[in-house]
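**Student:** what follows is a predicted structure for the sequence shown.
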Amino acid sequence: MSEMPEKYVGEAGSPKPHLSETAGLPDQVGNVARRSMEELVEDICASQGKTQRSLGPLDKVYVFWLAGMSCDGCTVSVTGATEPALEDLLTGSLPGVPLVVLHHYVLQLESGDHYIHTLEKAEQGKLDAPYVIVYEGSIADESLTVDGEPFAAEGSLPLWAPSEQRRRVATAEWMKRLSPTAAAVIAIGTCATWGGIPASYGNVTGSMSVMDFLGKNYRSVLGLPVINIPGCAPVGDNFTDAVQAILLFLQGLGPLPEFDELGRPAWQFSETVHRHCVRAGYYEEGIFAKEFGDKECLVEIGCWGPVVQCNITEAGAISHLGGCMNAGGPCIGCTMPGFPDKFSPFYKSPPGSLLSSNASRLLGSIIRPLRRISQRERNREIRWHETVPSGWAMEKGDVSLTHKILEFFYEAMQFQGAKKPGRELPEEQFPSGYITLPEQKYGKDFQLLPEDRAKKAEKRT
Ligand code: SF4
Ligand code: SF4
């Protein structure tokens, strides 16, 4: 990463003009707040008594959210993020993190040409802070369109011109115009990161990912290649968490965030979802669901979790709740390059799972009975030998010879090289030689239940 300037200033060394300087521009239609996004967040900060928003070189960062071949699912996910929440980023509520001024086609206060005007200012270097591009959806090959009408567009140019003189501007064009001077480009969702559904077999839009579009040599002004946060839809927290980590680093307040070879935040995507799955214990014991709704491992009804890099089992779909396998759905690999084609048909189990699940089944057939023996014994208090005082079922102690032999060896191994609980050893006795009254009366049997102790005494006589 390149170094950030001491304090972001205009090209001439003086702060750039305020974004809301709209003198001479026509009135906006529909902006009942009569505010720009920047004025809104500044009002919010002022109402909270915040004067100094940042502890580093950046006071604020503009974020331009562009949408290509998208279903808006990424927007829905990010607006539902909780740790941190989007609102925290937009109101300067995170200590040390600069204020984020978001320009998003759904959340924007400005409308029409006033909205696009900010993109033009960014391209012309007239903003008073750096900007980041967030791209949602894949980028269509606009050379395949008919009559120049883009597959995905935002606004039309020239601004404030009569309609017959205008042309709609593809978001791919905005990416081309804005990416050279962006502080960072973040692709959100699998369509933007790898191509996703719009780039699958048979599509006629020539859709591709942001990386495909910008090429491997692309670097932002901070020296960053494209950052990729995949998922269809992505976990909203993955986006806000990564943005927060990057901004804290740029402020000199956090460590350098680690990204993997495909530009994914390594702390979010280096593990397979299987390793943290709530059903992984069933897989390991070789017990598999036969139909949807079963509680066991879903690999035989289509789960690709063992080879898919995703953190939804820990992060949850929202607020650490839900998420595919937690909610009963098998992993269909939506965070991965190659999704959906390389993971379809979704109703079939992955070919490689045949070998691994049968290996688990074989191993499980040996391990499971041994574990149940051990589990049964761990389910008994140390004083429950012959009887179990439960009114819930006909619970019996296990006093068979086999059980006693197994338990003898198990206990020997359990405490090998360790201290066994109790007061057996000489150094565990009272130094004065005092023996407690229960021990005086019953010897080692003092810990038995009274009924068992009586039975034992009876046997002895
Ligand atoms: S449900 Fe999928 S991710 Fe979970 S244990 Fe089974 S194979 Fe692994
Ligand atoms: S578990 Fe699989 S299907 Fe679910 S979000 Fe992760 S990658 Fe996508």
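**Tutor:** Structure's in. What do you need? Ligands and ions are numbered 1, 2, ... in the order given.
**Student:** quick one: the longest strand anywhere in the chain to chain centroid distance?
**Tutor:** Counting by DSSP state E, the longest strand found in the chain is strand 60-67. In this view, strand 60-67 has its centroid 21 Å away from the chain centroid, taken as C-alpha atoms, centre = their mean, to the nearest Å.
**Student:** and the contacts of the following helix or strand past that strand?
**Tutor:** On the C-terminal side of strand 60-67, the nearest following helix or strand under DSSP states H and E is helix 73-79. With C-beta atoms under 8 Å, 6 or more residues apart in numbering as the test, helix 73-79 has contacts from 65, 67, 86, 104, 106-107, 136-137, 188-189, 192, 231-236, 239-240. To be clear about C-beta, it is placed using only N, CA and C from the backbone, and glycine gets the same treatment.
**Student:** pull out the buried positions in helix 73-79.
**Tutor:** Neighbour counts using 16 or more other C-beta atoms under 10 Å place 73-75, 77-78 of helix 73-79 among the buried residues.
**Student:** out of those, who's nearest ligand 1?
**Tutor:** Proximity of those to ligand 1 was ranked by C-beta to the nearest ligand atom; the top entry is S77 with 20.6 Å.
**Student:** for the nearest residue in space to the closest one that is not next to it in sequence, what are phi and psi?
**Tutor:** The spatially closest residue to S77, leaving aside those adjacent along the chain, is G236, at 3.9 Å (C-beta to C-beta, 6 or more residues apart in numbering). Backbone torsions of G236, given as degrees, to the nearest 10, read phi -60, psi -40.
**Student:** count of neighbours near G254?
**Tutor:** G254 has 16 neighbours, counted by other C-beta atoms under 10 Å.
**Student:** checking the closest residue to it other than its chain neighbours next. Helix, strand or coil?
**Tutor:** Once flanking residues are discounted, G254 sits nearest to L248: 3.2 Å by C-beta to C-beta, 6+ apart. What DSSP: H, G, I helix; E, B strand; the rest coil gives for L248 is helix.
**Student:** run a quick neighbour tally on L248.
**Tutor:** For L248, the tally of surrounding residues (other C-beta under 10 Å) stands at 20.
**Student:** wouldn't it be in contact with P98 here?
**Tutor:** No: taking contacts as C-beta atoms under 8 Å, L248 lies outside contact range of P98: 9.5 Å.
**Student:** run through the neighbouring helices and strands of the longest strand of the chain.
**Tutor:** The contact analysis (3 or more C-beta pairs under 8 Å, 6 or more residues apart in numbering; DSSP states H and E) places strand 60-67 against strand 99-104, helix 112-123, strand 131-136, helix 171-178.
**Student:** can you list the residues that contact stretch 374-392?
**Tutor:** For stretch 374-392, the external contacting residues (C-beta under 8 Å, 6+ apart) are 395-399, 403, 407, 410, 447-449, 451-452, 455.
**Student:** can you give me the end-to-end span of that stretch?
**Tutor:** 21 Å (C-alpha to C-alpha, to the nearest Å).
**Student:** list the buried ones in it?
**Tutor:** 384-385, 388.
**Student:** any chance of the residues you listed in JSON lines, plus secondary structure?
**Tutor:** Shown next, in JSON lines, are these (three-state DSSP):
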{"residue": "W384", "secondary structure": "coil"}
{"residue": "H385", "secondary structure": "coil"}
{"residue": "V388", "secondary structure": "coil"}
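**Student:** and which of the residues you listed is nearest to ligand 1?
**Tutor:** The closest of the buried residues of stretch 374-392, once distances to ligand 1 are taken by C-beta to the nearest ligand atom, is V388, at 33.2 Å.
**Student:** which pLDDT value goes with the residue lying closest to K60 once chain neighbours are set aside?
**Tutor:** Excluding its sequence neighbours, the residue lying closest to K60 (C-beta to C-beta, 6+ apart) is L99, at 4.1 Å. What the model reports for L99 is a pLDDT of 88.
**Student:** L99: how many residues sit nearby?
**Tutor:** Using other C-beta under 10 Å, the number of residues around L99 comes to 25.
**Student:** one more: the one 5 residues further on?
**Tutor:** Using other C-beta under 10 Å as the criterion, H104 is surrounded by 19 other residues.
**Student:** ok, it - contacts?
**Tutor:** By C-beta under 8 Å, 6+ apart, H104 lies in contact with 63, 65, 75.
**Student:** for the second one, name its beta-bridge partners.
**Tutor:** Beta-bridge pairing for W65 (DSSP bridges): H104, V134.
**Student:** who's in contact with it?
**Tutor:** Applying C-beta under 8 Å, 6+ apart, the residues near W65 are 75, 102-105, 134-136.
**Student:** out of these, what pair is the most spread apart?
**Tutor:** L102 and Y135 (14.0 Å; C-beta to C-beta).
**Student:** L224: which of the contacts of H104 is nearest?
**Tutor:** Of all these, L224 sits closest to V63, with 14.7 Å by C-beta to C-beta.
**Student:** let me see the contact set for the closest one.
**Tutor:** 100-104, 131-134.
**Student:** repeat the analysis, applying 6 Å as the threshold.
**Tutor:** The contact partners of V63, taken as C-beta atoms under 6 Å, 6 or more residues apart in numbering, are 100, 102, 132, 134.
**Student:** distance check, it against A280.
**Tutor:** Note on V63: its distance to A280, by C-beta to C-beta, to the nearest Å, is 37 Å.
**Student:** do the same with C45
**Tutor:** Counting by C-beta to C-beta - C45 and A280 are separated by 45 Å.
**Student:** top of the contacts of V63 by number of neighbours, please.
**Tutor:** Going by other C-beta under 10 Å, V134 tops these with 28 neighbours.
**Student:** mind pulling up the pLDDT for that residue?
**Tutor:** 98.
**Student:** for I246, what are its contacts?
**Tutor:** I246 is in contact with P257, counting by C-beta under 6 Å, 6+ apart.
**Student:** if you could redo that for G206, that was the one I meant.
**Tutor:** Counting by C-beta under 6 Å, 6+ apart, G206 has contacts 141, 144.
**Student:** which strands or helices does the helix or strand where E39 lies pack on?
**Tutor:** Using DSSP H and E, E39 sits within helix 37-47. Under the contact criterion of 3 or more C-beta pairs under 6 Å, 6 or more residues apart in numbering; DSSP states H and E, helix 37-47 touches strand 99-104.
**Student:** export the strand it packs on to PDB, keeping only CA atoms.
**Tutor:** This file holds the C-alpha atoms of strand 99-104, laid out as PDB (Å, rounded to 0.1, in the frame of the first residue of the first chain):
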ATOM      1  CA  LEU A  99     -16.700   9.700   8.400                       C
ATOM      2  CA  VAL A 100     -18.000   7.800   5.400                       C
ATOM      3  CA  VAL A 101     -20.100   9.900   3.000                       C
ATOM      4  CA  LEU A 102     -22.000   7.300   1.000                       C
ATOM      5  CA  HIS A 103     -23.400   8.000  -2.500                       C
ATOM      6  CA  HIS A 104     -25.700   5.100  -3.100                       C
END
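**Student:** what residues sit buried inside the longest helix belonging to the chain?
**Tutor:** Secondary structure of the chain per DSSP state H: the longest helix is helix 353-378. Residues 353, 357, 360, 364 are the ones in helix 353-378 that count as buried (16+ other C-beta under 10 Å).
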